[in-house]
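Novice: generate a structure from the sequence data that follows.
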Amino acid sequence: MADPRKAKTLGEAAANPDGTFNGARALSWLSEVLNPGKGASEAEVQKLWDQARAKKAGRRL
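Specialist: Numbering: from 1, shown residues only. As a prediction, the model looks like this:
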């Protein structure tokens, strides 16, 4: 599935093609469940994750 926000279940949304779990896709799906029509895309979630990791490391993106 290309857009995890369109998945019916969390498992369906978070699954990579190889069967592994993708946290960014899971959070994208959850954001859509909590904010219908305004959920964050996978790219937006990844950007926020990268910013948080950079902040924790003491540098800004």
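
Novice: low-confidence bits of the chain, can you list those?
Specialist: Along the chain, segments meeting pLDDT under 70 span 1, 59-61.

Novice: top helix in it by residue count?
Specialist: Longest helix in the chain by number of residues (criterion: DSSP state H): helix 42-56.

Novice: need the contact partners of it.
Specialist: Residues outside helix 42-56 that contact it (C-beta atoms under 8 Å, 6 or more residues apart in numbering) are 3-4, 24-25, 27-28, 31, 40, 60-61. Backbone N, C-alpha and C define where each C-beta goes, glycine included.

Novice: quick check on those residues: which are buried?
Specialist: 4, 24-25, 27-28, 31, 40 (16 or more other C-beta atoms under 10 Å).

Novice: columns secondary structure and distance to residue 46 on top of those, output as JSON lines?
Specialist: Below are those laid out as JSON lines (DSSP: H, G, I helix; E, B strand; the rest coil; distance: C-beta to C-beta, whole Å):
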{"residue": "4", "secondary structure": "helix", "distance to residue 46": "12"}
{"residue": "24", "secondary structure": "helix", "distance to residue 46": "5"}
{"residue": "25", "secondary structure": "helix", "distance to residue 46": "10"}
{"residue": "27", "secondary structure": "helix", "distance to residue 46": "9"}
{"residue": "28", "secondary structure": "helix", "distance to residue 46": "9"}
{"residue": "31", "secondary structure": "helix", "distance to residue 46": "12"}
{"residue": "40", "secondary structure": "coil", "distance to residue 46": "10"}
